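Chemist: Generate coordinates for the sequence data below:
(one chain, ligands or ions: 1)
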Amino acid sequence: MISISDQHGLIMRIPNLVKWAGGKTSSLKSIVKAVPKMFNNYYEPFFGGGALFWALKVENKIKHAVISDVNKDLVNLLLAVRDRPNELSYELDKYRDASGADAYYKIRKRFNETRTKELLDTERAAMFLYLNRNGYNGLWRTNAAGEYNVPYGGYKRFYLANDNDIRFYASLLKDTTIMNATYEMPLRNAKKGDFVFLDPPYFRDKDSNFVQYNAHMFREEDHRNLKKITEDLTSREVKVMITNRYCAEVSSIFGSFRMAVFKNRKPINRIGTARSGFNEVVITNF
Ligand SMILES: C[S@@+](CC[C@H](N)C(=O)[O-])C[C@H]1O[C@@H](n2cnc3c(N)ncnc32)[C@H](O)[C@@H]1O
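Modeler: Coordinates of the predicted model:
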């Protein structure tokens, strides 16, 4: 949920655009505290639900941003919101009454039948948003054939972004560069004074059962690679902030940077219980 006040000081609450497994809404307060006061361009290459980006954007803290994700369907949605908000709302209207499991599985089937289509497809963007909101827990999971196979979430309240929500998000995405890429690519252009926020899939060990976002798992060597990239960005005087689960391995990989540990009360799959939560860390090079 994003809260903004209008010109009369009235608070409006806009539901998050997508529900995203590993999304940072629940730990936003601790993360926002670590954001540098001043920076030039903003980079977020593990965008997902983009909780920090939206929060900084409504506060007018971001001038130009480059946001990206490896998930092609998520990026297709973001492009549709930014470039074709009216068309997207029109497509979403087709699903306003599509509540319940039968409707969900029918739309999921149609989504999978059209999966070979390239980016810039508004119809698929609308289906993606519908499935994200009504599928289980904001998960993105595909089978070996690349078909989206998340089961119906069974939520009591049916929600689908309305025209105003889409226009609100479209206005926030204006002047934002959106890319479908792995994280290394956009970071090549980051320059002195820019700020990079890295929120990768969290470190996974034998005791944790983290979400697999796509066909490729994010492994220990990927976290080590992120550390190398952070060192390179540091030498180019780019400010970097990374979030991760706090554990011995993460502490050892990123040990040369500043770390602030905080407790997240929300359990993520099986790493934390509802009572204990789990420890998260914000790693910075500034
Ligand atoms: C923890 S989620 C980000 C959550 C986000 N910060 C939020 O608030 O919703 C991690 C994201 O990284 C993306 N991802 C995974 N591997 C990637 C890679 N190699 N390059 C770029 N993005 C990747 C996933 O698709 C997922 O959206």
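Chemist: mind listing the strands for this protein?
Modeler: Assigned by DSSP state E, the strands in the chain fall at 2-5, 11-14, 42-44, 65-69, 176-180, 195-198, 239-245, 258-264, 278-284.
Chemist: Serialize the ones you listed to a markdown table and add fields for distance to the ligand, mean neighbour count and mean pLDDT.
Modeler: C-beta here means a position set from N, CA and C on the backbone, and glycine is covered the same way. Output for these, formatted as a markdown table (distance: least, C-beta to the nearest ligand atom, whole Å; neighbours: other C-beta atoms under 10 Å; pLDDT from 0 to 100):
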| stretch | distance to the ligand | mean neighbour count | mean pLDDT |
| --- | --- | --- | --- |
| strand 2-5 | 12 | 13 | 80 |
| strand 11-14 | 15 | 11 | 85 |
| strand 42-44 | 7 | 24 | 98 |
| strand 65-69 | 5 | 23 | 98 |
| strand 176-180 | 9 | 17 | 98 |
| strand 195-198 | 8 | 23 | 98 |
| strand 239-245 | 8 | 23 | 97 |
| strand 258-264 | 12 | 14 | 93 |
| strand 278-284 | 11 | 20 | 94 |
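Chemist: Select, out of those, the one closest to Leu131.
Modeler: With C-beta to C-beta as the measure, strand 65-69 is the member of these nearest Leu131 (16.5 Å).
Chemist: how distant is that closest one from the center of its chain?
Modeler: Here strand 65-69 is found 10 Å from its chain centre; the criterion is C-alpha atoms, centre = their mean, to the nearest Å.
Chemist: quick one: strands adjacent to that strand?
Modeler: Sheet pairing of strand 65-69 (DSSP bridges) gives strand 42-44 (parallel), strand 176-180 (parallel).
Chemist: Please enumerate residues in contact with the shortest one?
Modeler: When contacts are defined by C-beta atoms under 8 Å, 6 or more residues apart in numbering, strand 42-44 is touched by residues 50, 52-53, 56, 62-68, 186-187, 190, 194-197, 199.
Chemist: With stretch 151-166 instead?
Modeler: For stretch 151-166, contacts defined as C-beta under 8 Å, 6+ apart pick out 14-15, 17, 81, 85, 88-89, 92, 95-96, 99, 101, 104-105, 129-130, 133-137, 169.
Chemist: I'd like the strands paired with strand 65-69 laid out as a markdown table, including distance to Leu10.
Modeler: Formatted as a markdown table, the strands paired with strand 65-69 follow (distance: least, C-beta to C-beta, whole Å):
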| stretch | distance to Leu10 |
| --- | --- |
| strand 42-44 | 28 |
| strand 176-180 | 27 |
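Chemist: Which one, of those strands, ends up nearest to Leu226?
Modeler: With respect to Leu226, and counting by C-beta to C-beta, the nearest of the strands paired with strand 65-69 is strand 42-44 at 13.2 Å.
Chemist: for the ligand, what are the nearby residues on the stretch 1-150 of the chain?
Modeler: For the stretch 1-150 of the chain, the contact set with the ligand under C-beta under 6 Å from any ligand atom comprises 20, 22-24, 45-46, 48-51, 69-71.
Chemist: Kindly state the beta-bridge partners for the residue lying closest to Tyr104 once chain neighbours are set aside.
Modeler: Once flanking residues are discounted, Tyr104 sits nearest to Tyr152: 4.4 Å by C-beta to C-beta, 6 or more residues apart in numbering. Taking DSSP bridges as the rule, Tyr152 bridges to Gly135.
Chemist: Tell me how far Tyr152 lies from Pro186.
Modeler: Distance, Tyr152 to Pro186, using C-beta to C-beta, to the nearest Å: 34 Å.
Chemist: Contact partners for Glu220?
Modeler: Phe203, Glu249 are the contacts of Glu220 under C-beta under 8 Å, 6+ apart.
Chemist: so how many other residues sit close to Leu120?
Modeler: Neighbour count for Leu120, taken as other C-beta atoms under 10 Å: 12.
Chemist: Leu78 is in contact with that one, correct?
Modeler: No. The criterion here is C-beta atoms under 8 Å, and Leu120 misses it with Leu78 at 11.6 Å.
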